[in-house]
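S.K.: No sequence on hand, only this structure:
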Ligand code: HEC
């Protein structure tokens, strides 16, 4: 019964989800972040090299450019209704307040009657408050070499205002708890041509594919690796990408059809993963390998 429900949900995530996203070749996974690595985790030469490079890059983090653009877009009156998000969008901390909002999502929003991650919430505001068309946003939701969608800048701006704050997904809220439990079941749900689940690759410690360490999303430290650095400037391709993109791309790794952008299913998975990282410090938009 439960199996069927989760299966249906995964299928639902895909319905109507044929939006344009050029799947990039899976690139290398970023190394363990600065949180003290467990002694058992050995770093190969490529990982060490990347960490050195990233440390240098972070001095002038390219993500900041996107934050700046996002700030301008947040504050500017835009869309068919000609209102700004700063004067209309409530991310859970009050209208227009961005400080600390990112680390407290996903959360339940009564006005939308849904649990929403940051990106989904901002899209909701763009549609409901500014009058943009959802289908137009969802047609090109992620950056490529020639184009960065407004939503990516906006998410990066909002995320930047949670820098050095602790992840605090409100798991005590029953609606959020329910989303968490569903996300947990989805992470364990096996299907597709290879009978993979998220947990096939991300459900135990020390797994690797090629040179990439695959974080165990069921543990606090592993989940934090899946949170840290997103949204992130991906050195592979030189584009700024968000958590929504990361989830979609892992559906592809799993040989599932691409999930629908900003769907319930993605929000549930993010609630599970980010919720597992509760209490840990988020360092802001970063750089990914
Ligand atoms: C076939 C194995 C495989 C499956 C199944 C898989 N992933 Fe992944 N995942 C990867 C690989 C490989 C990477 C690193 C990719 C990269 O850096 O380009 C990754 C990266 C990630 C990251 C980013 C980690 C970081 O350090 O930032 C997250 C989060 C993630 N996966 C979540 C999921 C979720 C959720 C699912 C289920 C919907 C899933 N993955 C299914 C292989 C998989």
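M.R.: Good, I have the coordinates. None of the values given here were measured: they were computed from a predicted structure.

S.K.: any chance you could map the strands in the stretch 51-200 of the chain?
M.R.: 107-109, 114-116, 165-166 (DSSP state E, counting those that start in this stretch).

S.K.: Of those strands, flag the one that's most buried.
M.R.: Ranked by mean neighbour count under mean count of other CB atoms under 10 Å, those are led by strand 114-116, which reaches a mean of 23. All C-beta atoms are positioned from the backbone trio N, CA, C, and that covers glycine.

S.K.: Listing partners with orientation, what would you give for it?
M.R.: Strand 114-116 has the following sheet partners, assigned by DSSP bridges: strand 107-109 (antiparallel).

S.K.: quick one: average pLDDT of the strand it pairs with?
M.R.: Across strand 107-109, the average pLDDT comes to 98.

S.K.: what's the answer for stretch 66-83, then?
M.R.: 98.

S.K.: What lies in contact with that stretch?
M.R.: Residues outside stretch 66-83 that contact it (CB atoms under 8 Å, 6 or more residues apart in numbering): 84-86, 98, 126, 129-132, 148, 150, 152-158, 160, 231, 233, 240, 285.

S.K.: Indicate which one of the strands of the stretch 51-200 of the chain is closest to the ligand.
M.R.: With CB to the nearest ligand atom, the closest approach to the ligand among the strands of the stretch 51-200 of the chain belongs to strand 114-116: 15.9 Å.

S.K.: residues in contact with the closest one?
M.R.: 105-109, 120, 124, 175-176, 178-179, 264, 267-268, 271.

S.K.: Looking at those residues, which are in helices?
M.R.: Within the contacts of strand 114-116, residues falling in helices by DSSP state H are 120, 124, 175-176, 178-179, 264, 267-268, 271.

S.K.: Of the residues you listed - the most surrounded one?
M.R.: Highest neighbour count within the ones in helices among the contacts of strand 114-116: residue 271, with 30 neighbours (other CB atoms under 10 Å).

S.K.: who touches that one in this structure?
M.R.: Here residue 271 is in contact with 106, 115, 117, 169, 176, 179-180, 183 (CB under 8 Å, 6+ apart).

S.K.: What distance do you get for it to residue 205?
M.R.: 22 Å (CB to CB, to the nearest Å).

S.K.: before we move on, what about residue 192?
M.R.: Taking CB to CB, one finds residue 192 at 24 Å from residue 205.

S.K.: those helices in this protein, which residues are they?
M.R.: 2-14, 45-59, 63-75, 118-128, 134-139, 150-160, 174-188, 198-202, 220-227, 243-253, 264-276.

S.K.: ok, the residue of the stretch 51-200 of the chain found nearest the ligand - contacts?
M.R.: Of all residues in the stretch 51-200 of the chain, the one sitting closest to the ligand is residue 198 (2.7 Å; CB to the nearest ligand atom). Contact analysis of residue 198 by CB under 8 Å, 6+ apart lists 186-188, 217, 250, 254, 269.

S.K.: Give me the pLDDT for it.
M.R.: For residue 198, pLDDT reads 93.

S.K.: same question, the one 5 residues further on
M.R.: Per-residue confidence (pLDDT) for residue 203: 88.

S.K.: Could you list the low-pLDDT ranges of the chain?
M.R.: Along the chain, the parts satisfying pLDDT under 70 run over 1-42, 57-59, 209-212.

S.K.: returning to what we had before: state the pair within the contacts of residue 271 that is farthest apart.
M.R.: The most widely separated members of the contacts of residue 271, counting by CB to CB, are 117 and 180 (12.3 Å).

S.K.: who in the stretch 151-289 of the chain is up against the ligand?
M.R.: 187, 196, 198, 200-202, 209, 212, 214-215, 225-226, 246-247, 250-251, 253-254, 269 (CB under 6 Å from any ligand atom).

S.K.: Buried ones from the residues you listed, can you make that a ChimeraX selection?
M.R.: Remark: buried members of those, expressed as a ChimeraX selection using 16 or more other CB atoms under 10 Å:
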select :187,196,198,200,201,202,212,214,215,225,226,246,247,250,251,253,254,269
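
S.K.: So residue 91 versus residue 287, what's the distance?
M.R.: Residue 91 is 24 Å from residue 287, by CB to CB.

S.K.: Have a look at those two and say which one is more surrounded.
M.R.: residue 91 (25 against 19).
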